[in-house]
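Asks: sequence unknown, structure follows:
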């Protein structure tokens, strides 16, 4: 989730609805300026007893962030607490229960993306080794209850933790017990955004299946392959889901603005503090009728903040965010952006991907989304087939798109090699969660604790 810093008082006031589409319009870039921004979260655990460290315990999360400063990271402080770091590789930040996230810098190619991931993991492993901390690449804590987990000292999280149980049964699980990999991608125009959004939404369940990596809850199999994905189905119906309107004729910035105006607010940020506005209306804010700030109109930064508080399968800000994947190991952190860059950054590949899914009805798309957390690649798609029946074809399209980009490393290798973990999944027909379940029922003899060795970075 976003880490907020103070905005200058010169931040423009929003007086007209037309201003609400400006962040999306400002995101438009010619193809040569398209970049790749990769985000990945990991669980932090104590190597002695696997507990999740608190923020302020000795060798805990605060000490971890402070130790990382040696690598030319600059601290970001909220309420006297260091809550994030900023540097050339983007930002290191904290999720609500201390999950550590790298929000990577916007990079030109996947070779740079994977190198950035490697630098970050090397740094955290070096610091973790000194502090007795390890890092786990999974989509959900395999053994922790909510009560086992600490809460980080970030103002927006306090507001969200209070509000989540009022709107869904699993919002606290989303905040406290999950990790994801995400990629942020550019578009050149409103029409380009719309086509990418549609392909991203339609094929997001395939990404969920290929990266499914959360089969355990509180030490036992939970009956799902991606329980993290299932959690989103009962987190907050006002700000999650498949967004059927994206597939309607005429979809564009204006329609997304309408959607976001209907998403209830969480907070307003003023003078370094978060003001609780949970459940209130941004439409009222634009009329100067927000009860917690009566008479005040929103600023541009308030709208940008609000755009970050919706959690659909694909999210639009000044770029598109692909949000369907569970957390996982290094190679899969590189594979997720490769999958989407191959599909969305080459026009022929984008058109081919759309041709593959454009005939699906919204009911069929929703059925696929609902089935994937439990069934993975066996989830149903139109025509009496299963998701695995098109997975290889989609990877072929992505490969073609990556080869067409012509981005090679010093050894002359193009970017398509980063898809190899996904090709292996399709060849074997087993997603990561199924391999973990095989170990649980086999070599691990019903004990989930070996996952800390198996899936640690």
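Replies: Yes, it's here. Bear in mind that the values here come from a model prediction, so they are computed numbers and not experimental data.

Asks: what stretches of this protein score poorly on pLDDT?
Replies: Applying pLDDT under 70 to the chain flags the ranges 1-10.

Asks: name the next helix or strand following the longest strand anywhere in it along the chain.
Replies: Longest strand in the chain by number of residues, with DSSP state E as the criterion: strand 36-46. Following strand 36-46 in sequence order, the next helix or strand is helix 61-68 (DSSP states H and E).

Asks: gap between that following helix and the chain center?
Replies: For helix 61-68, the separation from the chain centroid amounts to 23 Å (computed by C-alpha atoms, centre = their mean, to the nearest Å).

Asks: what does the next helix or strand after that helix contact?
Replies: Sequence order places strand 74-78 as the next helix or strand after helix 61-68, per DSSP H and E. Contacts of strand 74-78 with the rest of the structure, by C-beta atoms under 8 Å, 6 or more residues apart in numbering, involve 3-5, 65-66, 69, 82-87, 91, 153-155, 272. (C-beta placed from N, C-alpha, C; glycine too.)

Asks: show me those residues that map onto helices.
Replies: 65, 66, 155 (DSSP state H).

Asks: out of these, flag the one nearest to residue 297.
Replies: residue 155 (22.0 Å; C-beta to C-beta).

Asks: circling back to that earlier point, just the buried ones out of the contacts of strand 74-78, please.
Replies: By neighbour count, with 16 or more other C-beta atoms under 10 Å, the contacts of strand 74-78 hold 3, 4, 65, 82, 83, 84, 85, 86, 91, 153, 154, 155 as buried.

Asks: find the nearest non-adjacent residue to the fifth one, please.
Replies: Meaning residue 83. Counting by C-beta to C-beta, 6 or more residues apart in numbering, residue 154 is the residue found nearest to residue 83 once chain neighbours are left out, at 5.4 Å.

Asks: so that neighbour touches residue 94, yeah?
Replies: Yes - Residue 154 is in contact with residue 94 according to C-beta atoms under 8 Å; the separation is 6.7 Å.

Asks: can you pull out the strands in the stretch 51-200 of the chain?
Replies: 74-78, 81-87, 90-94, 100-103, 133-136, 180-185 (DSSP state E, counting those that start in this stretch).

Asks: overlap in contacts, residue 154 and residue 94.
Replies: Common neighbours of residue 154 and residue 94, using C-beta under 8 Å, 6+ apart, are residue 83.

Asks: for the residue of the chain most remote from its centre, which three-state class applies?
Replies: Among the C-alpha atoms of the chain, the one most distant from their mean position (C-alpha atoms, centre = their mean) is that of residue 295, at 35.2 Å. Under DSSP: H, G, I helix; E, B strand; the rest coil, residue 295 falls in the coil class.

Asks: okay, it and residue 264: tell me how far apart.
Replies: 21 Å (C-beta to C-beta, to the nearest Å).

Asks: now do residue 93
Replies: For residue 93 relative to residue 264 (C-beta to C-beta), the value is 24 Å.

Asks: then residue 179?
Replies: Applying C-beta to C-beta to residue 179 and residue 264 gives a distance of 26 Å.

Asks: these two: who's more crowded?
Replies: residue 179 (25 against 18; other C-beta atoms under 10 Å).

Asks: and the more buried one, what is it in contact with?
Replies: Residue 179 touches 40-43, 95, 99, 137-140, 228, 326-327, counting by C-beta under 8 Å, 6+ apart.

Asks: pull the contacting residues for the closest residue to residue 300 other than its chain neighbours.
Replies: Once flanking residues are discounted, residue 300 sits nearest to residue 12: 4.6 Å by C-beta to C-beta, 6+ apart. Residues near residue 12 by C-beta under 8 Å, 6+ apart: 19, 299, 300.

Asks: what's opposite the second one in the beta bridge?
Replies: With beta bridges defined as DSSP bridges, residue 299 has these partners: residue 13.

Asks: what about it, how many residues nearby?
Replies: By other C-beta under 10 Å, neighbour count at residue 299 equals 20.

Asks: and what of the last one?
Replies: Counted by other C-beta under 10 Å, the residues lying close to residue 300 total 16.

Asks: wait, it touches residue 21, no?
Replies: No - the pair residue 300 / residue 21 is not scored as a contact, 12.0 Å apart, by C-beta under 8 Å.

Asks: quickly list what's touching both of the two.
Replies: Shared contacts of residue 300 and residue 21 (C-beta under 8 Å, 6+ apart): none.

Asks: which stretches in the stretch 201-350 of the chain count as strands?
Replies: Going by DSSP E, counting those that start in this stretch, the stretch 201-350 of the chain shows strands at 216-217, 220-221, 240-241, 267-270, 273-276, 311-312, 314-316, 320-326.

Asks: most tightly surrounded among those?
Replies: Among these, strand 320-326 has the highest mean neighbour count (mean count of other C-beta atoms under 10 Å), at a mean of 26.

Asks: and it, which strands flank it?
Replies: Each strand paired with strand 320-326, and its direction, by DSSP bridges: strand 180-185 (antiparallel), strand 314-316 (antiparallel).

Asks: circling back to that earlier point, quick one: the buried ones among the contacts of strand 74-78 as JSON lines, columns for distance to residue 437 too.
Replies: Conversion of the buried ones among the contacts of strand 74-78 to JSON lines gives the following (distance: C-beta to C-beta, whole Å):
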{"residue": "3", "distance to residue 437": "35"}
{"residue": "4", "distance to residue 437": "39"}
{"residue": "65", "distance to residue 437": "34"}
{"residue": "82", "distance to residue 437": "38"}
{"residue": "83", "distance to residue 437": "36"}
{"residue": "84", "distance to residue 437": "35"}
{"residue": "85", "distance to residue 437": "36"}
{"residue": "86", "distance to residue 437": "39"}
{"residue": "91", "distance to residue 437": "34"}
{"residue": "153", "distance to residue 437": "36"}
{"residue": "154", "distance to residue 437": "34"}
{"residue": "155", "distance to residue 437": "39"}
